Structures are given as structure tokens and as C-alpha cells.
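Asker: A structural model of the following input is requested.
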Amino acid sequence: MAIRTGHRVGAAALLWMAGAAGALAQAPAPASSGPAVAPTAAGGLSPEQLAVMERVADPRLSPDGARVLYTVRTTDWGGNKGVSAAWVIEADGTRRRLAASDGGVSSARWSPDGQAIYFLSSRGGSSQVWRMDRDGRAAVQVTTLPVDVTAFRLTPDGRTLVAALPVFADCGTLACTSDRLKAQGSAVSTVRAYDRLPLRPWDSWNDGRRSHLFALPLNASGLAAGEPRDLMAGVDGDTPSRPLGDDSEFVISPDGRRVVFSTQMQGREEAFTNDLDLYSASMEGGPAVNLTDGNPAPDTNAVFSPDGRRLAWLAGRRENVFGDQAVVMVGNADGSGARALTPDWDRGPGALRWRSDGRALYAVAAENGQQKLFEIDARTGAVRAVTDEGTVSAYDETGGRLVLSREGFGGPAQIVDASGEAPRVLTDHNAAVLAGTDLPEGESFTFPGWNGEAVQGWVFRPAGYVEGRRYPAVYLIHGGPKSPWTDGWSYRWNPQIYTGAGYAVVMVNFHGSPGFGQAFTDAINDHWGDRPLEDLQKGWASALAANAFIDGDRACALGASYGGYMVNLIAGKWNGPWRCLVNHAGVFDVGQLMNAMDISTFVAEFGGPSWERADLYRDFSPNTWVGDWSKPMLVLHGSRDFRVPVEQGLGTFSALQRRGIESRFVHVPDENHWVLKPRNWVDWQQEILNWTAHYTAAP
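Answerer: Below is the predicted model of the structure:
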């Protein structure tokens with residue numbers, strides 16, 4: 001239940017619906033040419049500022065290491081969407097937007113010789129691979145396939161494109177898939193029948209297609225020429241995984257002869273296990289070979305060493321254990337002779353890559369409230385942190401030059417050159433938008449939580465802080481539940497939105513949060529409703545005791561997904577401190593959730609399905625404690641949310657209304673577990689700020 005969710009109803013008086021009051025809907029705000037972008041009255045970050053920011057991501061070094069290619073997402077306010085473009089930082093440090101970005105760019109990648117840039121774009125009506133010259137002046141379409149391309153890689157010689165295409169596995173041609181989709185779309189009847197799970201991954205219903213990798217030969221001009229060849233023919237599985245997978249789930253060998261990918265092929269049992277295996281397939285076709293059949297846990301993120309002799313990957317240790325810390329494995333190129341390189345490293349690595357000299361690997365991992373880049377000696381497994389504070393969201397290295405996309409509580413992502421002793425920031429996106437904005441520092445604190453164990457948290461002073469004054473507060477509760485608050489910049493739940501509104505902010509990485517060791521993360525298993533709650537209670541008390549500026553009598557607790565679950569639980573088990581509660585996409589009935597959500601392995605969080613552990617489900621399900629609810633609650637939910645289906649929010653609101661408790665339901669019909677469209681987000685965020693402002697107002 002990955003969640004850190006991240007637009008504007010005016011500050012008109014809210015209509016609180018309590019008891020038998022009728023359900024009233026507020027009319028949407030009139031459309032405008034664009035939001036008024038300025039800091040808040042307190043001088044802090046406003047929702048409008050956050051909504052229009054340029055989002056920097058995905059740095060890619062040119063093969064010679066001289067130039068940095070990256071993407072910047074801007075906001076099309078009129079179109080209520082984000083638009084991505086490719087940018088380049090030149091060798092002399094100048095940076096510019098590439099003109100060929102008009103029409104949209106994603107997954108921009110250098111060609112192996114550095115003379116061109118390949119990318120995905122829907123400018124031609126469907127998602128296809130395009131190619132621009134190295135200076136980004138002109139673009140030509142590389143693929144003209146009858147189905148969308150969702151991810152791609154180029155072979156090292158630049159002669160073959162490996163593309164991920166959603167196809168019906170029983171179709172022998174791409175035209176067959178296209179024709180079947182057209183037939184489904186034009187059918188008068190909309191009846192669809194299913195014989196197995198999953199039914200609806202993330203925010204769409206399963207239509208029977210599988211994501212397969214296809215090889216397409218490229219001609220001398222770098223354009224597709226010839227029939228695509230299915231490298232996963234006969235595979236009843238997806239690569240990349242749906243719906244949020246990417247090109248990190250497959251890799252091409254340095255000699256260009258093989259592709260290694262991760263997928264599941266358990267048939268009807270697929271939905272009930274997270275056991276992914278690595279498979280190797282010849283670029284010429286033929287059956288794929290399972291390289292990791294002996295491990296019942298997920299094997300992912302395969303990467304070849306630069307010389308092609310070794311293969312490294314991330315291997316889970318346990319099946320169906322969320323938050324299970326993977327171990328870095330290294331073996332021969334065919335997967336044989338594998339050994340655990342980091343058997344004793346008590347962190348959860350991700351985004352694995354080889355250093356270009358083959359002597360070390362890189363990985364990112366959460367650690368003590370930061371998300372760091374680590375370097376791992378390829379021979380000894382010795383691990384050292386390359387970065388300290390902040391969140392590394394992406395990186396690349398070539399010829400000893402290392403670049404990062406790094407962010408923190410103090411500002412959004414920028415591209416950083418981390419090659420030398422002193423990192424150099426290469427970009428300054430959003431400088432004008434943030435000019436004069438007060439972004440208070442996140443102050444880390446530690447306290448004894450459940451079982452007396454150390455628990456880490458964050459406290460923020462409000463924007464415009466004046467010594468000696470006391471301020472209302474919000475307690476932000478993260479989701480996941482195994483998704484920690486790290487020193488990063490969120491476009492969904494950003495603490496600076498609340499500091500900007502004049503609040504002190506408290507956040508706690510309760511037991512279950514990664515980055516503090518496997519035992520700390522595992523402590524939440526079978527304990528959703530007690531150990532984290534104890535940490536939250538003790539963390540709140542600790543924050544109040546150490547920060548006299550926090551007015552604990554004017555505070556609201558806010559959370560989403562698991563955080564919304566915890567808000568619902570707090571409503572019945574710890575409602576004393578709160579003036580109000582805010583629940584986005586939260587859980588009301590845990591048993592119903594586990595049987596209706598889009599992933600069927602999540603029951604492992606409770607040690608089994610609801611009918612086998614009825615007492616545990618009952619004790620830790622918020623609906624058990626509705627009789628003790630009394631505090632006003634704002635409930636927000638999207639209809640396309642299949643991770644925590646909207647019925648959970650409807651159940652929460654219905655219970656509040658039946659109990660006669662002041663409550664408000666905010667429905668976002670076109671959003672999933674996250675609120676992503678700019679105008680929706682501003683309205684959604686303003687609903688939260690209006691609610692908390694009303695209940696935390698000074699007497």
C-alpha cells in the first residue's frame with residue numbers, strides 16, 4: 001500500500017455534515033488561466049507554488065561523461081496535466097531545454113555512440129520510440145507499431161531496440177492484439193468475465209494483455225526496420241511489471257546477445273506470491289531460461305558487469321514479506337556460481353548498478369530518515385555511504401563521473417555532480433518560484449518507542465516562526481506502512497505546505513519504517529494496530545516536551561493509506577489530543593480491504609487471510625472501534641483507487657454520519673491512490689487546509 005500521496009476550493013465557509021444532515025456537494029471553483037503563484041501569508045510554501053514547480057528527474061550521462069541528459073516536468077495548468085521535456089547540461093555547465101521536446105518526452109536515453117537521444121512520446125497519437133539528434137534540434141519516429149511502447153533499451157552496438165509491448169499472449173502478431181482491442185472497444189456489450197486474479201491492478205481493469213519484450217532491428221539511420229520478435233513467446237508473465245514497472249526490470253548483455261528480465265510465471269498462483277525470477281533469453285529467440293528458480297522470494301534488478309562476465313541482482317530473502325530487505329547477489333553471467341555479496345548489510349538496497357570500472361556497485365537505500373547512495377565493493381561486499389543528507393532519487397556514473405538527482409525538505413530535486421570531494425549543484429530549477437519562500441528545516445529527534453527501542457522523527461517550525469509564540473500543529477502519519485519519512489521533497493504530502501500555512505509539523509518513523517534495520521521493519525508484521533500506535537503516542541509526547549512552540553491543544557492528525565488507517569484507529573483509541581482528523585484513502589475495514597484490493601499478497605501483513613485470523617483482524621480493524629469515535633474527520637478518496645478501494649472511504653464517512661460526528665467527504669472521481677492532476681491536487685489540498693484551519697483556530 002505504497003503511499004505518500006500527494007488542489008483549490010476557495011476559503012468559503014465549509015458545510016459540515018453531521019447526524020442526519022443531507023449530503024451536500026460543493027460546486028467546483030471556476031476555471032482560470034493559471035494559479036496565483038506566491039508564498040503564503042506566513043511567507044511559506046503555498047499549494048499553488050508546489051503545483052507549478054518544475055520537476056527534475058532521471059539524469060543520464062553521455063557515453064563520454066561530458067554531458068548530462070535529464071527530464072523536467074512542467075505544469076500545463078489549462079490542460080490539467082504535467083508535460084515532460086528533455087534538458088541537457090553541457091560540458092561547460094550551461095543547460096538548455098531541447099527543442100525536439102515539443103510534444104512530450106519521457107525515458108530519454110543516449111544512443112551508445114552519444115550521437116543521438118532516443119525517447120518515448122505520444123506526439124504521434126500513441127506511445128512510440130522517437131529519436132532526436134544529440135543537440136535535440138529535430139526528432140523522427142523510430143517505431144510505428146500498432147500497440148503502445150511502454151519501455152525500451154538499446155543494444156550496446158545500437159543495432160537493435162528491445163521494446164516492452166502490451167500484447168495478448170495468444171496472438172501471433174501485433175496486428176492481432178490491435179484488432180482485438182478495437183473489437184472490444186466497439187462491442188455493444190460491456191460484459192467481461194475473469195477466471196483468475198488479478199482483476200484490476202492499481203487503477204485499471206485487467207484486459208488480458210501481458211507486457212512482453214520484443215526485439216526490433218534498427219537500420220543505419222537508427223529507425224526500426226523489420227518485424228518485431230517476441231523474446232518472451234509463451235511466457236505467461238509481464239516485463240516490466242504492471243502497472244508501475246520500468247526499464248530497470250530488464251537488461252541487455254554487453255555483447256548484445258541476451259536479455260535478462262524479471263517476471264512471474266506461476267499461472268493461477270501468480271496473484272498469491274511475490275516470487276519473481278530472473279530469466280535469460282536469446283536475442284535470436286527461443287525459450288527463456290530461469291536463472292533463480294531456487295529462491296522462492298523476489299529476484300529483481302539484474303545488471304551485467306561492464307565486461308559482461310558477471311551478473312548482479314537483488315534477491316529477496318522471504319516470500320510475501322513486505323519490507324523484506326534484499327541482498328545483493330553476484331554470479332557468473334549465466335547466473336551460476338552466485339554468492340551473497342551483502343549478507344550482513346542491515347539495509348534495503350534498490351536501484352542497483354555497476355560502477356563503470358566493474359570494481360564496485362551502487363545502490364540506494366533508506367537509512368535513519370535519509371535516502372542515501374551507497375557504494376559496494378564488488379569483491380569484499382564492503383559498503384560505504386556516498387551521500388549523507390537528503391534523498392537520492394536517481395543517479396548515473398560513467399568514467400568516474402557521478403551525477404545525482406537529489407532533493408530534501410529544503411527544496412525540490414536538482415542535478416548534482418558528486419564526483420569530487422565537494423558536490424556541485426548543476427541546476428537551479430524553481431529558483432524564481434521559491435524566491436523569498438521560508439522553508440523551515442526538518443529537525444530530527446529520537447525517543448524511546450515500543451519496547452524501549454529508539455524511534456526517529458521530524459519536527460518543523462512554522463514558516464515565519466517568531467520566538468516565544470505558540471503555534472497549532474499537524475501530525476503527519478506516513479503510509480506504506482513500510483514507507484518512511486525521509487529527508488525529501490514530495491509533490492503529494494509535503495510538510496512544507498503545512499509549515500507555510502502556519503503549522504508546526506511532527507512526523508514519526510514508527511516501527512515498520514524501513515531504514516532502521518530489518519528487525520525494526522518486521523516489528524509491524526501482525527502488529528498494525530498496536531506498536532506503531534504506541535510509537536506515535538510516545539513520539540507526540542516527546543515532540544511536545546522538547547518544543548514549547550507547539551500548542552498541543554490545537555492539533556490535528558493527518559494520514560493517507562496506512563496513515564489514513566491509523567487516523568481511523570486513532571479516532572477510536574487515542575482521540576483525546578486532536579481537534580480534528582484528516583483521512584485520505586484510509587482503511588476502515590481491514591478484512592474487506594485485504595479481499596478487495598488490487599494485490600492479493602498483502603494479507604501477509606496479518607499473517608494470513610481474514611477467515612484464518614479473525615481475532616487479529618477484528619482487534620486491529622478501525623471499524624471495531626467506531627463506538628468510541630467523537631472527533632471531526634475529513635475523508636478524501638478517489639474512485640479510481642483500487643489499492644484502497646473507495647468503499648473504504650465511504651464506509652468511514654457513513655459511520656461518521658451515523659454517529660452524528662462532524663464530517664465531510666471529498667470525492668475525486670478521476671484519481672487513483674494518488675491525486676496527480678494539478679488542479680485536482682490544489683483543490684484537494686485546500687480542502688485539507690480549510691478543515692484544519694477551522695478546527696485549530698485560536699479561541
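
Asker: just the helices in this structure please.
Answerer: Under the criterion DSSP state H, helices of the chain are mapped to 47-52, 174-186, 431-434, 495-500, 518-522, 531-546, 562-573, 590-596, 614-619, 646-659, 678-696.

Asker: Out of those helices, the one nearest C580 is which?
Answerer: Of all the helices of the chain, it is helix 678-696 that lies closest to C580, at 3.8 Å by CB to CB. Yep, even glycine has a C-beta here, placed from its N, CA and C like the rest.

Asker: Output the contacting helices and strands for that closest one.
Answerer: Identification of packing neighbours for helix 678-696 by 3 or more CB pairs under 8 Å, 6 or more residues apart in numbering; DSSP states H and E yields helix 47-52, strand 471-477, helix 495-500, strand 550-560, strand 580-584, strand 633-638, strand 663-668.

Asker: how about 6 Å then?
Answerer: Using 3 or more CB pairs under 6 Å, 6 or more residues apart in numbering; DSSP states H and E, the elements in contact with helix 678-696 are helix 47-52.

Asker: Contact partners for the residue lying closest to V505 once chain neighbours are set aside?
Answerer: Nearest residue to V505 in three dimensions, chain neighbours excluded: F460, at 4.1 Å (CB to CB, 6 or more residues apart in numbering). Residues in contact with F460 (CB atoms under 6 Å, 6 or more residues apart in numbering) are P440, G442, P495, T499, V505.

Asker: Most neighbours of all those residues, which one?
Answerer: For the contacts of F460, neighbours were counted using other CB atoms under 10 Å, and T499 has the most, 30 neighbours in all.

Asker: Leaving out the residues flanking it, which one is nearest to A363?
Answerer: Excluding the flanking residues, the one nearest A363 by CB to CB, 6+ apart is P349, at 3.7 Å.

Asker: For A271, see how far away that neighbour is.
Answerer: In this structure, P349 and A271 are 27 Å apart, going by CB to CB, to the nearest Å.

Asker: Who has more neighbours out of those two?
Answerer: For the pair P349 and A271, the greater number of neighbours falls to P349 (22 against 16), based on other CB under 10 Å.

Asker: shouldn't the more buried one be in contact with V364?
Answerer: No: the pair P349 and V364 fails to qualify as a contact (CB atoms under 6 Å) at a distance of 7.1 Å.

Asker: surely P669 meets S639?
Answerer: Yes: the criterion here is CB under 6 Å, and P669 meets it with S639 at 4.6 Å.

Asker: okay, these two: which has more neighbours?
Answerer: More crowded of P669 and S639, by other CB under 10 Å: S639, with 15 against 10.

Asker: just to revisit the earlier point, tell me, what's the model's pLDDT at the residue nearest to A363?
Answerer: Note for P349: predicted pLDDT of 98.

Asker: Over to A31?
Answerer: So, for A31, pLDDT stands at 37.

Asker: Can you pull the poorly scored residue ranges out of the stretch 451-600 of the chain?
Answerer: Nowhere does the stretch 451-600 of the chain drop to pLDDT under 70.

Asker: can you count the residues close to G172?
Answerer: Counted with other CB under 10 Å, G172 comes out at 11.

Asker: can you check G572 too?
Answerer: 17.

Asker: Please read off the pLDDT at G19 from the model.
Answerer: Looking at G19, its pLDDT reads 31.

Asker: Check E421 too.
Answerer: Per the predicted model, pLDDT is 88 at E421.

Asker: now it: how far from T391?
Answerer: According to CB to CB, E421 and T391 sit 21 Å apart.

Asker: wait, S84 sits on T71?
Answerer: Yes: taking CB under 6 Å as the definition, S84 is a contact partner of T71 at 5.2 Å.

Asker: Stretch 197-205: end-to-end distance?
Answerer: Criterion CA to CA, to the nearest Å; first-to-last residue distance in stretch 197-205 is 11 Å.

Asker: no no, stretch 335-355
Answerer: Termini of stretch 335-355 sit 19 Å apart (CA to CA).

Asker: Go through it and flag the buried ones.
Answerer: 335, 338, 341-342, 345, 347-349, 351-355 (16 or more other CB atoms under 10 Å).

Asker: quick one: which of the residues you listed is nearest T190?
Answerer: Set against T190, the nearest of these by CB to CB is A351 (40.7 Å).

Asker: Setting aside sequence neighbours, what's the nearest residue to that closest one?
Answerer: V364 (4.7 Å).

Asker: ok, what's across the strand from that neighbour?
Answerer: G350, L373 (DSSP bridges).

Asker: OK, contacts around it?
Answerer: Neighbouring residues of V364 by CB under 6 Å, 6+ apart: G350, A351, L373, V392.

Asker: The nearest residue to A385 once chain neighbours are set aside: neighbouring residues, count only.
Answerer: Distances taken as CB to CB, 6+ apart place K372 nearest to A385, at 5.0 Å, with adjacent residues excluded. For K372, the neighbour count with other CB under 10 Å is 22.

Asker: State the distance from K372 to Q264.
Answerer: Per CB to CB, K372 is found 30 Å from Q264.

Asker: ok, F665 touching L634?
Answerer: No: counting by CB under 6 Å, F665 does not reach L634; the two are 8.3 Å apart.

Asker: wait, W77 sits on A36?
Answerer: No: if you go by CB under 6 Å, W77 and A36 don't touch, sitting 11.2 Å apart.

Asker: out of these two, which sits in the busier spot?
Answerer: Each of W77 and A36 has its neighbours counted (other CB under 10 Å); W77 has more, 20 against 9.

Asker: Which pLDDT value belongs to the more buried one?
Answerer: For W77, pLDDT reads 97.

Asker: so where's this structure uncertain?
Answerer: Within the chain, the stretches with pLDDT under 70 are 1-33.

Asker: 90 instead, please
Answerer: 1-34, 36, 242-243, 420-421, 699 (pLDDT under 90).

Asker: Greatest separation within the buried residues of stretch 335-355: which pair is it?
Answerer: The widest separation within the buried residues of stretch 335-355 (CB to CB) is 24.2 Å, between G335 and R347.

Asker: Roughly how far does V466 sit from Y503?
Answerer: V466 is 14 Å from Y503, where distance means CB to CB.

Asker: just M566 next, same as before
Answerer: 19 Å.

Asker: same deal with V52?
Answerer: 22 Å.

Asker: Next: G234.
Answerer: 56 Å.

Asker: And for V330?
Answerer: Distance, V330 to Y503, by CB to CB: 48 Å.

Asker: Have a look at these two and say which one is more surrounded.
Answerer: Neighbour totals were compared for V330 and Y503, and Y503 leads with 31 against 22 (other CB under 10 Å).

Asker: ok, and the closest non-adjacent residue to the more buried one?
Answerer: Counting by CB to CB, 6+ apart, the residue nearest Y503 is V474, at 4.9 Å.

Asker: so the one you found makes contact with A501?
Answerer: No: counting by CB under 6 Å, V474 does not reach A501; the two are 8.6 Å apart.

Asker: how many neighbours does R229 have?
Answerer: 16.

Asker: Run through the residues that contact it.
Answerer: Going by CB under 6 Å, 6+ apart, the list of residues near R229 reads A215, G285.

Asker: try it again with 8 Å
Answerer: Each residue near R229 by CB atoms under 8 Å, 6 or more residues apart in numbering is listed here: F214, A215, L216, G285.

Asker: For it, list each beta-bridge partner.
Answerer: Residues in beta-bridge contact with R229 (DSSP bridges): A215.
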